[in-house]
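Student: Quick one, fold the following:
(one chain, ligands or ions: 2)
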Amino acid sequence: MIYLKLFLAAFLVLSVCIFLLLFFTSLIEQRIKVVAKSLVLIPAIVCLSALLLLPANFNWILIIIDILLLLTTTYIFLPKFLFPTIEEDKATGNIDERTIMFARKELKPGSERFNEYYKEYPSHKDNDDKFRSMAGLLGEQSKFYNSLSYNAADAIFSIVDGLHPFVNGEVKDKPVDINPKQFSQFIKHWSKKSGVASIAFTKMKNYHWYSVGGRGERYNRPIEQEHKIGIAFTVEMDHEMVASAPKGSIIMESATQYLKAGIIATQLAQFIRNCGFDARAHIDGNYEVVAPLVARDANLGEIGRMGLLMTPEFGPRVRVGVITTNMPLLVEERQYDNSYEDFCEKCLKCAVNCPASAIPDSDKKIINNVNRWQINSEKCFNYWCMAGTDCGRCMSTCPYSHPNNLMHNIIRWSIRQFPNFRYWAVKMDDFFYGRKTAPAKLPNWIETTS
Ligand code: SF4
Ligand code: SF4
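Tutor: Ligands and ions are numbered 1, 2, ... in the order given. Sure thing, here's the model as predicted:
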């Protein structure tokens, strides 16, 4: 009898600790609805505690409750090594950068490039005419126009553009004679000091590179795949600035983190060239690689339903930077983690909340020999041109995007370790944070009347 009571008491104490942690975490995060919900659950635990006072002739109730609790927790927390291993589909092929939405946005009506492009891709014309007729990114007539945040974002993006001449450069004649381990350690530590959230090295693969350049001077130029090693890193996007997406704070935060990633990438590339090895930074508006794929293969995360890199610390709430180089570095072997895709199969929150219905709510499909999800980038970009921002609603609603603190890290870790927990994690996220939610208010210091 005493063991039955001890088991139930331990379960109740653990439950109280979890709800208290949720309560204080939500207080700090200023999520008042979650604070209220976590408080409502405390009486339920108190009622359950009354079972501990049952007289001896009602032991069978305690036995049933204990057995149910034991079976349920054992089932939910079965460790992942008891489940079949899922093999990853190998990616193939290259993307032509001319076909991505940013490249298509740069085509000037009536120009030679414009005419050639739509001759080659006539099916893109109707859609592209549509986004050209809209207010456009940071446009004054756009839905979420906000003078302060839009002007701030524009200012930051102009500085990012100013970094473009530094992505490439001259290599010093003589390579510094240091072994790959020392180079790797130096780059990792320095980058962390400079503000990256995570950084790793990988072997460059054919599919990491665009086939043909699509923007600025790179237009129509075959990409040469000059480098063997990729350095990928992430920088965190601020949770409060992302929470009010698709309002003006999101594009201001995107610009801020593109700038941070751009500075770190260009300074690292320059450092590597100073050490005598060729290097190129890939930064906003000036990529020769598909950055999320390089970051994924460096084990910084996995690609989720919404097509963004999902990291263990911040989910998709990051920007990615890449440097390609021939400097000898200690590369990571790819370790596929199926937990993200498995969670996405159960979650669908980004698809439910996407204002453009651009994220598939169906199963993965075979695209270029890979079973995956693919967002409708035309619908997504058209929405951006109407909203005036880069939207980010998918990023803000993703359960992986919660702040990097003890409470959410325990949940993210449990999602990776316990496959049966994933279903319940989705249900809990829906219960506490809502399934289809409204964007948070803009921070007061950004709000304007215009
Ligand atoms: S919101 Fe859900 S389905 Fe979408 S990427 Fe995040 S975890 Fe996956
Ligand atoms: S950025 Fe917005 S429109 Fe684009 S996929 Fe995400 S939620 Fe949808």
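Student: how about the residues of the chain that lie near ligand 2?
Tutor: Residues of the chain lying near ligand 2 by CB under 6 Å from any ligand atom: 306, 354-356, 358-359, 375, 380, 383, 391-394. For every residue, glycine as well, the C-beta is placed using N, CA and C.
Student: ok, the most centrally placed residue in the chain to Ile323 distance?
Tutor: For the chain, the residue sitting closest to the mean C-alpha position, by CA atoms, centre = their mean, is Pro316 at 1.3 Å. Taking CB to CB, to the nearest Å as the measure, Pro316 falls 22 Å from Ile323.
Student: Same check on Lys192?
Tutor: The value you get for Lys192 to Ile323, if CB to CB is used, is 15 Å.
Student: Ok, Ala44 next?
Tutor: Ala44 is 52 Å from Ile323, by CB to CB.
Student: Give the residue from these two that has the larger number of neighbours.
Tutor: Ile323 (32 against 11; other CB atoms under 10 Å).
Student: and the more buried one, what does it touch?
Tutor: Gly230, Ile231, Ala265, Leu268, Ala269, Ile272, Ala279, Arg280, Ala281, His282 (CB atoms under 8 Å, 6 or more residues apart in numbering).
Student: Next up, phi/psi of it, please.
Tutor: Dihedral pair for Ile323: phi -130, psi 130, per degrees, to the nearest 10.
Student: same deal with Ala279?
Tutor: Dihedral angles (degrees, to the nearest 10) for Ala279: phi -160, psi 150.
Student: Correct me if wrong: it contacts Leu268.
Tutor: Yes: counting by CB atoms under 8 Å, Ala279 does reach Leu268; the two are 7.5 Å apart.
Student: More neighbours: which of the two?
Tutor: Ala279 (27 against 24).
Student: Would you mind giving me the confidence score for the more buried one?
Tutor: According to the prediction, Ala279 has pLDDT 98.
Student: Can you tell me who it pairs with across the strands?
Tutor: Legend: beta-bridge partners of Ala279 under DSSP bridges are Thr325.
Student: That one: what's it in contact with?
Tutor: Val171, His227, Leu268, Ala269, Gln270, Ile272, Arg273, Ile323, Thr324, Thr325, Asn326, Met327.
Student: top of the residues you listed by neighbour count?
Tutor: Result: Ile323 is most packed of these (other CB under 10 Å), 32 neighbours.
Student: The closest residue to that residue other than its chain neighbours is in what secondary structure piece?
Tutor: Among residues not flanking Ile323 along the chain, Ile231 sits closest, at 4.3 Å (CB to CB, 6 or more residues apart in numbering). Using DSSP states H and E, Ile231 sits within strand 229-236.
Student: and that strand, what's its mean pLDDT?
Tutor: pLDDT averaged over strand 229-236 gives 98.
Student: what about the next helix or strand after it, near ligand 1?
Tutor: Where DSSP H and E defines the elements, the next helix or strand beyond strand 229-236 is helix 239-243. No: figure legend: helix 239-243 not in contact with ligand 1 (CB under 6 Å from any ligand atom); closest approach 12.9 Å.
Student: In the stretch 51-200 of the chain, what residue spans correspond to helices?
Tutor: 59-76, 101-105, 112-120, 125-132, 147-162, 180-194 (DSSP state H, counting those that start in this stretch).
Student: for those, which one sits closest to Tyr433?
Tutor: helix 59-76 (19.8 Å; CB to CB).
Student: Any chance you could list what contacts stretch 114-121?
Tutor: Here stretch 114-121 has contacts from Arg98, Thr99, Arg104, Leu107, Lys108, His124, Lys125, Asp128, using CB under 8 Å, 6+ apart.
Student: again with stretch 354-363
Tutor: Residues contacting stretch 354-363 (CB under 8 Å, 6+ apart): 246, 305-307, 345, 348, 350-352, 373-377, 379-380, 382-383, 387, 391, 393-394.
Student: same thing with stretch 125-132?
Tutor: Met101, Arg104, Lys105, Leu107, Pro109, Tyr118, Glu378, Phe381, Asn382, Cys385.
Student: One more pass at 6 Å, please.
Tutor: Arg104, Tyr118, Glu378, Asn382, Cys385 (CB atoms under 6 Å, 6 or more residues apart in numbering).
Student: who are the neighbours in contact with the closest residue to ligand 2 within the stretch 101-250 of the chain?
Tutor: For the stretch 101-250 of the chain, the residue closest to ligand 2 is Pro246, as judged by CB to the nearest ligand atom, at 6.2 Å. By CB under 6 Å, 6+ apart, the contact list for Pro246 reads Ala387, Thr389, Cys391, Arg393.
Student: Pick the one among the residues of the chain next to ligand 2 closest to ligand 1.
Tutor: Met306 (4.4 Å).
Student: what's the spacing between Ala91 and Glu120?
Tutor: For Ala91 relative to Glu120 (CB to CB), the value is 24 Å.
Student: ok, the residue in the stretch 51-200 of the chain positioned nearest to ligand 1 - how many residues close by?
Tutor: Residue nearest to ligand 1 within the stretch 51-200 of the chain (CB to the nearest ligand atom): Ile86, separated by 16.0 Å. Ile86 has 12 neighbours, counted by other CB under 10 Å.
Student: and the nearest residue in space to it that is not next to it in sequence, what pLDDT?
Tutor: Nearest residue to Ile86, sequence neighbours excluded (CB to CB, 6+ apart): Asn338, at 4.2 Å. pLDDT for Asn338: 95.
Student: hang on, the earlier thing: please convert the buried members of the contacts of stretch 114-121 into PyMOL selection syntax.
Tutor: Those of these that count as buried under 16 or more other CB atoms under 10 Å are selected in PyMOL with:
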select buried, resi 98+99+104+107+124+128
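Student: Taking the contacts of stretch 114-121 together, which two end up most distant?
Tutor: Thr99 and Lys108 (17.2 Å).
Student: before we move on, back to that, got the angle for the strand holding Ile231 vs helix 180-194?
Tutor: Here strand 229-236 runs at an angle of 20 degrees relative to helix 180-194 (axes from the mean of the first three to the mean of the last three CA atoms, to 10 degrees).
Student: Contacts for strand 229-236 next, please.
Tutor: By CB under 6 Å, 6+ apart, strand 229-236 touches 191, 196-199, 201-202, 204, 257, 260-261, 294-295, 298, 300, 311, 314, 318-325, 329.
Student: Of those, which ones also sit close to ligand 1?
Tutor: Within these, nothing lies near ligand 1 by CB under 6 Å from any ligand atom.
Student: among the residues you listed, which are in strands?
Tutor: Ser198, Ile199, Phe201, Thr202, Val318, Arg319, Val320, Gly321, Val322, Ile323, Thr324, Thr325 (DSSP state E).
Student: which ones are touching the fifth one?
Tutor: The neighbours of Val318, taking CB under 6 Å, 6+ apart as the test, are Thr234, Glu236, Thr311.
Student: Excluding sequence neighbours, find me the nearest residue to it.
Tutor: In space, Val318 is closest to Thr234, 4.0 Å off (CB to CB, 6+ apart).
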